[in-house]
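Chemist: sharing a model that was predicted from the sequence below.
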Amino acid sequence: MDAAAQQSQAPSGSNLTIDKFIEGPITCLRFQGTIDESFDGKRLASSIKATTLILDLGGVRRISSFGIREWTDFIKAVERSVSQLVAIECTPKVVDQLNMVAAFLGSKGQVFSFYAPYRCDYCDIDRRVLFQIDRDQAAIRGMRPPEQLCETCSRPSYFDEEPAAFFSYLAAQAPFELSPAIAEFLSAKLSYSVTGGDRRLHVDKQVDGRNTYLKFVGNLDGSFPSNKIAEGLEGNIVVDVSGVGTIDLAGAAEWRNFITQTKQAAERVFLVGCPPVLLERLTRQGDLGDQVISFTMPYSCSKCATTASQSIDVEQHYDILKFATPPEMRCSHCKSPTVCVAPESLLSRLRTLPRVEIDTGLRKFIKEMRDRKPEKAQPARKQQQGQGARLGMFTGLITVAVVGAAAVVAVDWYQGRQQREEAATQLAEAIEKASQPKLVQKPVWITSETPASAYCQDNVVRLICVGVSSYNPSREEARLEAVNAALEELVNTIGVRTTDPQFVGEVRPLYDSARAEAHKKLDSTRAAPRSAEHTAALDQVRAARLAVAEALAATGGAAAPTQQAAWFWEEYETPDGKGTEFLVYVRFDVGADALKALTDEYARPVDVLGGKVVTLFPGLAWSAPDLRQGAVVLESRGALAQLGAGERSVITAVDGQPVRTAAELAALVKDKPSRQLELTVVPTSGAASGAGAEPSQPKAP
């Protein structure tokens, strides 16, 4: 969800902010800051009307003694109105309180995920690792936190707490799994990563006459089996995408293939419950099928400080949507008027939605399918099958043990029965242990495994950007490739989100088409990863990503990320079996303040010599690979025009002194007669005529 979509409550003088998100019977409260005596827990509890309450405690820095008093009052009060209470991303400070305060989460509270502290003495770095109750049950209950590799030096980092003390509360808690509704809420509405495997796309298919209903739940990535799902579809196809969480570049390509294949045999393709992520990422003609019947938009209510997704019927509101205007909606919680907080990029998509034309029968079918309760899963049968398989293995082991015991009896009649049984048990346990595979669990922040790809996820308080390398015989080269991919995706995200008219009209066209064409070539050759065409396309993208990353470092200043937040690598045998190759994932976290600073740097014009310039946007490296820094001319007027700096050209130096940013250019020319200045001006593909590649000549005095 976009950062602008949050509503915060912060008592006067308090260091605590609380963001509230509501979707049907589920409410999420996100706490950031210090919980102290200013936290009015009873008042907050009185505003909660939900079946399930999720407490996001990932931003809690400290809890004071008086804060504990207010917190326990909040939990006691809220337990009377909710059926389930789930805590996620608990910080170590919160875990400490769980271990000390018996009623910290009350009788209904359960911890689903928490951060554990790790430290690398080689790098003198402390970091937090996210544990999940269902996934990390063995380590938690055994109080044996796994070894983690330092993302900087690759040496082992150690668990920086006493395991028995830190895990005491968590180990005693019974393991549980999130219900599909809660997992869908966290992933689709708040962009949380919930155990990679659990968010793989699940498809529910229902057929009634000539109408087919497909319900998608999960993430759209390279693993989306587009051909398999599209096979055999005919008639009217209704795709419910309300449960889609994230979509990366490979997922977008697979989605387009799914739509193309489906439309070849089906009569019409409709989308219902289209989330903002699909509207923003799938912008090509035909990406959204024939018609979007409904979609969701974030609305905020100032009265109850709530942000919630509202479902909008296109047929009902078409006359206002065609003007890129969101309809007026009332808060589902307090019925007060709300304000749409969708970004401009999302609102601009509304005018492209076609008028909905469906008959009464199809609309009734869609309503019945959306209201239909999902069939209950039957994990017991699967579990029994698994137990049966294990029982069969144990039976085989016992048979071996009995044979072994008979041999022992023949050799030594006087050996005791108990000793023989213990030997047989030890043998069975040794064989079972040796047969267990040792697999390393992927971190939860890895939501796509597509080689040579990247994606960014908005977590409100920070932007998480992940780069994935291609298969590389060198782990370090693969890591650097993933670093460049993540940083380039960060730059692209900044460019997409920047709504300044001059940036959109003057800067973005300089690189956007070159980037799109390069990615199109790469995606079109992914099916043949060893071909010469794929290698050439991959080399082009690699080189551009490196140039963009270098330009970001040169122009972004202190806001440009330099320290990767985490990384993970896998080693595979090469196809010819003669060696190994690596696939590396690298993650960067960019805070809201740094993101704003970068956006301002690249979109805020600076007055220079009568014209306007802006810092070179790193994405220009896609079309101008030799540029790493400088100032782009937005408006060429006055002395700036006289010195040969045409619009969309780039000023890289003044009197031979390099220019890094627009602010530096302004400082270099300040208080100097323009006729004595010599500018080095480099044209771009979209530069106005008259911008020379050579230094401009100073005018005669």
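Modeler: Done, it's in.
Chemist: what's the spatially most central residue of the chain sitting at in phi/psi?
Modeler: With distances taken as CA atoms, centre = their mean, residue 457 lies nearest the centre of the chain, 2.7 Å away. Dihedral pair for residue 457: phi -130, psi 130, per degrees, to the nearest 10.
Chemist: now do the contacts for residue 475.
Modeler: Applying CB atoms under 8 Å, 6 or more residues apart in numbering, one finds that residue 475 lies in contact with 569, 571, 582, 584. All C-beta atoms are positioned from the backbone trio N, CA, C, and that covers glycine.
Chemist: isn't residue 358 right up against residue 292?
Modeler: No. Counting by CB atoms under 8 Å, residue 358 stays clear of residue 292, with 11.5 Å between them.
Chemist: look up how far residue 516 lies from residue 509.
Modeler: As judged by CB to CB, to the nearest Å, residue 509 and residue 516 stand 11 Å apart.
Chemist: low pLDDT regions in the chain?
Modeler: For the chain, residues meeting the criterion pLDDT under 70 lie at 1-14, 187-200, 304-306, 333, 373-441, 460, 685-701.
Chemist: sorry, back to before: so the residue nearest to the centre of the chain versus residue 446, what's the distance?
Modeler: Remark: distance between residue 457 and residue 446 (CB to CB) = 11 Å.
Chemist: hey, what's in contact with both of these two?
Modeler: Residues touching both residue 457 and residue 446 (CB under 8 Å, 6+ apart): residue 466.
Chemist: any idea which element residue 342 lies in?
Modeler: Residue 342 belongs to no helix or strand when assigned by DSSP states H and E.
Chemist: that one: how many residues sit nearby?
Modeler: By other CB atoms under 10 Å, 22 other residues sit near residue 342.
Chemist: same question, residue 68
Modeler: When neighbours are defined as other CB under 10 Å, residue 68 has 18 of them.
Chemist: find the nearest non-adjacent residue to it, please.
Modeler: Leaving aside its sequence neighbours, residue 68 sits nearest to residue 101 (CB to CB, 6 or more residues apart in numbering; 6.0 Å).
Chemist: ok, now residue 84?
Modeler: In space, residue 84 is closest to residue 52, 4.5 Å off (CB to CB, 6+ apart).
Chemist: picking that back up, what's the PyMOL line that selects buried ones from the contacts of residue 475?
Modeler: In PyMOL syntax, the buried subset of the contacts of residue 475 is picked out as below (16 or more other CB atoms under 10 Å):
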select buried, resi 569+582+584
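Chemist: nearest to residue 280, of the contacts of residue 475?
Modeler: residue 584 (27.8 Å; CB to CB).
Chemist: wait, what's in contact with that closest one?
Modeler: So residue 584 contacts 468, 469, 472, 475, 478, 479, 481, 482, 567, 568, 569, 570 (CB under 8 Å, 6+ apart).
Chemist: kindly recompute the last result at 6 Å.
Modeler: By CB atoms under 6 Å, 6 or more residues apart in numbering, the contact set of residue 584 is 469, 478, 479, 482, 569.
Chemist: please enumerate the strands of the stretch 551-700 of the chain.
Modeler: For the stretch 551-700 of the chain, applying DSSP state E, counting those that start in this stretch gives strands covering 566-573, 580-591, 606-608, 611-615, 631-635, 650-654, 657-658, 679-682.
Chemist: now render these as a markdown table, adding distance to residue 271.
Modeler: As requested, the strands of the stretch 551-700 of the chain are exported to a markdown table (distance: least, CB to CB, whole Å):
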| stretch | distance to residue 271 |
| --- | --- |
| strand 566-573 | 34 |
| strand 580-591 | 31 |
| strand 606-608 | 43 |
| strand 611-615 | 38 |
| strand 631-635 | 38 |
| strand 650-654 | 42 |
| strand 657-658 | 50 |
| strand 679-682 | 45 |
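Chemist: relative to residue 234, which of these is closest?
Modeler: For these, proximity to residue 234 was assessed by CB to CB; strand 580-591 is nearest, at 38.4 Å.
Chemist: and the closest one, which residues are buried?
Modeler: Applying 16+ other CB under 10 Å to strand 580-591 flags 581, 582, 583, 584, 585, 586, 587, 588, 589, 590 as buried.
Chemist: how far out from the middle of the chain is that strand?
Modeler: 14 Å (CA atoms, centre = their mean, to the nearest Å).
Chemist: now the angle from it to strand 566-573?
Modeler: With axes from the mean of the first three to the mean of the last three CA atoms, to 10 degrees applied, the angle from strand 580-591 to strand 566-573 works out at 170 degrees.
Chemist: picking up where we left off before, so the residue nearest to residue 84 makes contact with residue 24?
Modeler: No. Between residue 52 and residue 24 there is no contact under CB atoms under 6 Å: 9.4 Å.
Chemist: backbone torsions only: list them for residue 223.
Modeler: Main-chain torsions, residue 223, degrees, to the nearest 10: phi -80, psi 0.
Chemist: again, but for residue 523
Modeler: phi -70, psi -40.
Chemist: that older thread, distance of the residue nearest to residue 68 relative to residue 115?
Modeler: Taking CB to CB, one finds residue 101 at 18 Å from residue 115.
Chemist: when the two are compared, which one has more neighbours?
Modeler: residue 115 (19 against 15).
Chemist: did I read that right, that one in a strand?
Modeler: Yes. Checked against DSSP: H, G, I helix; E, B strand; the rest coil, residue 115 lies within a strand.
Chemist: bridging residues for it?
Modeler: residue 130 (DSSP bridges).
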